[in-house]
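J.: Let's see this in three dimensions:
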Amino acid sequence: TLQLGELCTSNDSCASGLCSLEAASADHRRCVPVELASAAGGAMEFRYVPATGSGGYQQGVAGGTSVYTSTITRSYFVGRTEVTQGQWAMAAGSTNPSSFASCGSTCPVEQVDWWSSAAYANWLSEQAGLERCYTFTPSNWDRTVSNWSDGVGSTGTAATGVAWSSGPACAGYRLLTESEWEWVARGPVASGTLTTAYYWGATVDSAYLWYSSNSGSRTQPVGGKLANAYGLRDMSGNVWEWAWDWYDTYPSGSRSDYTGASTGSNRVFRGGSWGHDATHVRSAARVGGAPSYRDRYLGVRLARTVL
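T.: Numbers count the residues shown, from 1 in each chain. Model prediction:
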């Protein structure tokens, strides 16, 4: 039986019961995690994303605020889709922060701030018996689910700080760094390359995303559009996704496993949404908001380092 991260050719060959068979390259078809099997609307599946290789990639090309060379040295597992309302409910019970709650359990959870998104990642780690990546202030703030289940990190006792002391070496679930997010998003298919505006090519294509021109002014069930090279869905559109980093100007030159500025006032979110135009759903497009910011355009996707 094959373990997480090992090459596979069928779901049955993996101890987890899932092989990332959607990946365009056979080398990226690996055994991947599955969590929350009983979640309404479907379990949380992950896909395998390789490290960049020593040459890195050009982060910010074709639409970013600037460009630099980013190298990612570890492979990682990334959520096939954004976290759904059904998956959030496994932690939060009947508390649903989503503006589009009527969309249902297969639609992305939204109106979750950065604090609650990071706390949810820790919650999932504990469910899976893994290390919690984030240390909150007050201590163990995240373990009281009612502090954040409504998507608001200031409900009850407010979170005032968080540390990610082990960085990407942490074994648990977490937010992607901004560099990881863009590398994932650029997985090329169709006429796309690592430098095109979108992973499928140079111009917007409704087959791959929900955005302002086709969404009907609302979120849509996750996973309904075509995947990128790693088998990931909705990397452009549907809802923006929180990343770990503070929003800041990019560094110059090159960086390896960059986790962003050490301080700031806004956290990054990426990917565009159902309510945004073609400019905002480009792989390089970046926005920031206060960690307490919540919006019906904004959700979260989780990751886990391959160790």
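
J.: sec struct for residue 255, please.
T.: Going by DSSP: H, G, I helix; E, B strand; the rest coil, the secondary structure assigned to residue 255 is strand.

J.: got the contact list for it?
T.: Shown in contact with residue 255 (Cβ atoms under 8 Å, 6 or more residues apart in numbering): 68-71, 179. Backbone N, C-alpha and C define where each C-beta goes, glycine included.

J.: Show me where this structure has its helices.
T.: Along the chain, the segments classed as helices by DSSP state H run 85-92, 114-127, 178-185.

J.: Would you mind giving these as JSON lines with mean neighbour count and distance to residue 15 added?
T.: Below are the helices of the chain laid out as JSON lines (neighbours: other Cβ atoms under 10 Å; distance: least, Cβ to Cβ, whole Å):
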{"stretch": "helix 85-92", "mean neighbour count": "23", "distance to residue 15": "22"}
{"stretch": "helix 114-127", "mean neighbour count": "25", "distance to residue 15": "17"}
{"stretch": "helix 178-185", "mean neighbour count": "26", "distance to residue 15": "24"}
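
J.: which residues touch residue 130?
T.: So residue 130 contacts 171-173, 304 (Cβ under 8 Å, 6+ apart).

J.: correct me, but residue 88 touches residue 109?
T.: Yes: with contact defined as Cβ atoms under 8 Å, residue 88 reaches residue 109; the gap is 4.1 Å.

J.: what is in contact with the two at once?
T.: Counting by Cβ under 8 Å, 6+ apart, the contacts common to residue 88 and residue 109 are 96-97.

J.: how many other residues sit next to the closest residue to residue 196 other than its chain neighbours?
T.: Nearest residue to residue 196, sequence neighbours excluded (Cβ to Cβ, 6 or more residues apart in numbering): residue 202, at 5.2 Å. Per other Cβ atoms under 10 Å, the neighbour tally for residue 202 reads 13.

J.: Residue 188 versus residue 202, what's the distance?
T.: 12 Å (Cβ to Cβ, to the nearest Å).

J.: any shared contact partners between those two?
T.: Contact with both residue 202 and residue 188 is made by residues residue 196, according to Cβ under 8 Å, 6+ apart.

J.: How about the contacts made by residue 199?
T.: By Cβ under 8 Å, 6+ apart, residue 199 lies in contact with 185-189, 192, 208, 228-229, 235-236, 283.

J.: Out of these, which comes closest to residue 253?
T.: The closest of those to residue 253 turns out to be residue 186 (Cβ to Cβ; 19.9 Å).

J.: Next one, pLDDT for residue 264 please.
T.: Residue 264 carries a pLDDT value of 97.

J.: That one: neighbour count?
T.: For residue 264, the count of nearby residues is 15 (other Cβ under 10 Å).

J.: Make sure it is actually in contact with residue 249.
T.: No: counting by Cβ under 8 Å, residue 249 is not a contact partner of residue 264; they are 10.7 Å apart.

J.: State the distance from the nearest residue to residue 59 once chain neighbours are set aside to residue 108.
T.: Nearest residue to residue 59 in three dimensions, chain neighbours excluded: residue 70, at 4.1 Å (Cβ to Cβ, 6+ apart). Between residue 70 and residue 108 the computed distance is 26 Å (Cβ to Cβ).

J.: Of these two, which one has the most company?
T.: residue 108 (31 against 24).

J.: what's across from that one in the sheet?
T.: With DSSP bridges as the criterion, residue 108 is bridged to residue 84.

J.: which residues touch it?
T.: Applying Cβ under 8 Å, 6+ apart to residue 108 gives the contacts 81-85, 98, 219, 222, 234, 238-239, 299.

J.: and if we set it to 10 Å?
T.: Each residue near residue 108 by Cβ atoms under 10 Å, 6 or more residues apart in numbering is listed here: 81-85, 87-88, 98, 100, 210, 219-222, 234, 238-241, 273-274, 298-301.
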